[in-house]
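# mind looking at a prediction? Sequence and model below.
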Amino acid sequence: MFSFSDIIGQQEIGKRLRQEVQTGHIPHAQLFCGPEGVGKLSLALAYARYICCPHRTADDACGTCPSCVQWNKLVHPDVHFVFPIVKSAKEKKEVCDDYIKEWRQLLISTPYFTLNHWLNAMGTENGQAIIYAKESDEITRKLSLKASEGAYKIAIVWLPEKLHEVCANKLLKLLEEPPENTVFLLVSQAPDMILPTILSRTQRINIRKIEESQIVQALEEKYGVPSQDSKVLAHLANGNFIKALESIHLNEESKLFFDQFVSLMRLSYQRKIREMKQWSEQVAAMGRERQKSFLEYCQHMIRESFIYNLHQPEMNYMTVQEQNFTSRFAPFVNERNVTGIMNELTEAQQHIEQNVNPRMVFFDFSLKMIVLLKS
């Protein structure tokens with residue numbers, strides 16, 4: 001568990017990371033970044049475990065030493081996790097350690113997950129998760145301690161783009177003057193949202209989408225999916241292993257997003273203002289993180305609908321249900337309105353990020369769709 005052998009694809013980067021450890025040239029701060037589902041966190045975990053293992057081989061951690069046994073349960077004393085949380089005054093949960101049990105359970109089940117999966121694991125689906133200012137004191141305290149097991153202390157920061165400004169500035173100071181034998185591994189999906197001063201002090205590792213053949217192999221060998229089905233799912237995943245996993249297991253969120261998207265397009269086309277207002281209230285009840293994911297899904301469907309008009313099936317990445325709808329909807333997305341629709345979706349995302357009233361955001365967007373769909 002948490003080994004290089006468990007990672008889907010990414011062999012070239014894995015080899016490079018192992019060579020860093022073998023030669024003793026371990027950068028004190030690395031930034032793993034790339035799109036969703038490519039294995040960024042998996043690579044960081046395997047790399048950290050490899051650093052900790054005193055009996056590592058050329059290819060992986062040994063898997064049997066005391067360090068590896070601790071890693072199996074994510075209780076290694078020299079490894080510290082930082083991740084977005086939602087404060088809970090009722091349960092007095094204010095820092096990452098207050099959610100460490102849920103974090104370990106999710107990671108042990110699979111290191112391939114999204115922020116929404118993590119929100120569900122915390123039981124805070126409607127919250128907006130960040131890494132709060134108070135966490136900066138926790139990070140400083142933990143890293144000031146002497147390594148108890150090996151030569152290094154390791155801090156794994158998942159989604160550093162969610163850092164509160166105070167926490168980000170404290171992390172910057174630690175990166176500028178790192179404690180002795182400390183390694184920072186930042187795992188980001190939106191590096192452009194990280195403080196430029198933090199970016200400049202990290203070694204960036206860009207992780208690409210996973211090749212279709214490697215997803216096919218993983219689905220067949222690890223999950224027993226028949227060969228033909230694996231090929232279809234791997235193509236739909238478009239390099240995102242999380243999406244491939246969600247295709248195996250019924251994904252209620254994807255179905256909800258699809259139903260809401262179809263409902264919006266039909267109501268806007270038919271100009272049913274009262275029903276559109278009700279629709280906006282339903283989406284507003286989702287919670288901000290899920291609202292942002294829904295807007296990303298809308299962008300996906302608009303993009304796929306536009307590409308569908310090119311009559312190049314290999315360029316489309318949709319489920320059968322999405323294709324059935326798009327075959328009728330695609331003619332309404334064309335070169336005259338596609339840019340306008342995408343711009344409105346981007347603006348809606350920005351407003352949600354800025355905590356604008358979601359009812360107003362989604363109702364306003366639905367009204368604009370009336371005009372855009374007629375273009």
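Alright, I've got the coordinates.

# could you list the low-pLDDT ranges of the protein?
Applying pLDDT under 70 to the chain picks out residues 89, 91, 125-126, 149-150, 249-252.

# how about the contacts made by the most centrally placed residue in it?
Centroid-nearest residue in the chain, with Cα atoms, centre = their mean: Thr114, separated by 4.1 Å. Applying Cβ atoms under 8 Å, 6 or more residues apart in numbering to Thr114 gives the contacts Glu36, Gly37, Ile242, Ser293. To be clear about C-beta, it is placed using only N, CA and C from the backbone, and glycine gets the same treatment.

# of all the residues you listed, which two lie farthest apart?
Largest separation among the contacts of Thr114 by Cβ to Cβ: Gly37 and Ser293, giving 13.3 Å.

# more crowded one of those two?
For Gly37 versus Ser293, the count of surrounding residues by other Cβ atoms under 10 Å is larger for Gly37: 24 against 19.

# secondary structure class for that one?
coil (DSSP: H, G, I helix; E, B strand; the rest coil).

# ok, now how distant is it from Phe241?
Separation of Gly37 from Phe241 (Cβ to Cβ, to the nearest Å) stands at 5 Å.

# shared neighbours, these two?
Tyr112, Ile210.

# in the biggest helix by length in the chain, what's buried?
Counting residues, the longest helix found in the chain (DSSP state H) is helix 288-308. Buried residues in helix 288-308, defined by neighbour count with 16 or more other Cβ atoms under 10 Å: 288-295, 297-308.

# could you point out which element follows that helix?
Moving toward the C-terminus from helix 288-308, the next helix or strand (DSSP states H and E) is helix 320-329.

# chain center to whatever helix or strand comes next after that following helix, what's the gap?
Counting by DSSP H and E, the next helix or strand C-terminal to helix 320-329 is helix 338-353. In terms of Cα atoms, centre = their mean, to the nearest Å, the centre of helix 338-353 is found 20 Å from the chain centre.

# helix or strand: which one has the closest residue in space to Ser144 that isn't next to it in sequence?
Spatial nearest neighbour of Ser144, excluding adjacent residues (Cβ to Cβ, 6 or more residues apart in numbering): Pro179 at 6.3 Å. Pro179 belongs to no helix or strand when elements are defined using DSSP H and E.

# and Pro179, how far from Ala155?
10 Å.

# also Gly14?
Applying Cβ to Cβ to Gly14 and Ala155 gives a distance of 21 Å.

# cool, Ser230 as well?
From Ser230 across to Ala155, the span is 37 Å (Cβ to Cβ).

# one more: Ala244?
For Ala244, the distance to Ala155 - Cβ to Cβ - is 30 Å.

# higher neighbour count, the two?
Ala244 (27 against 23).

# ok, the nearest residue to Ser293 once chain neighbours are set aside - contacts?
In this structure, Ser293 finds its nearest non-sequential neighbour in Asn116, 5.7 Å apart by Cβ to Cβ, 6+ apart. For Asn116, the contact set (Cβ under 8 Å, 6+ apart) comprises Glu125, Glu253, Glu289, Arg290, Ser293.

# in the stretch 51-200 of the chain, which spans are helices?
Ranges of helices in the stretch 51-200 of the chain, per DSSP state H, counting those that start in this stretch, are 66-72, 100-109, 115-122, 135-144, 165-176, 196-199.

# Gln19 is nearest to which of those?
Closest approach to Gln19 among those is made by helix 66-72 (20.1 Å; Cβ to Cβ).

# which helices and strands does that closest one pack with?
helix 40-52 (3 or more Cβ pairs under 8 Å, 6 or more residues apart in numbering; DSSP states H and E).
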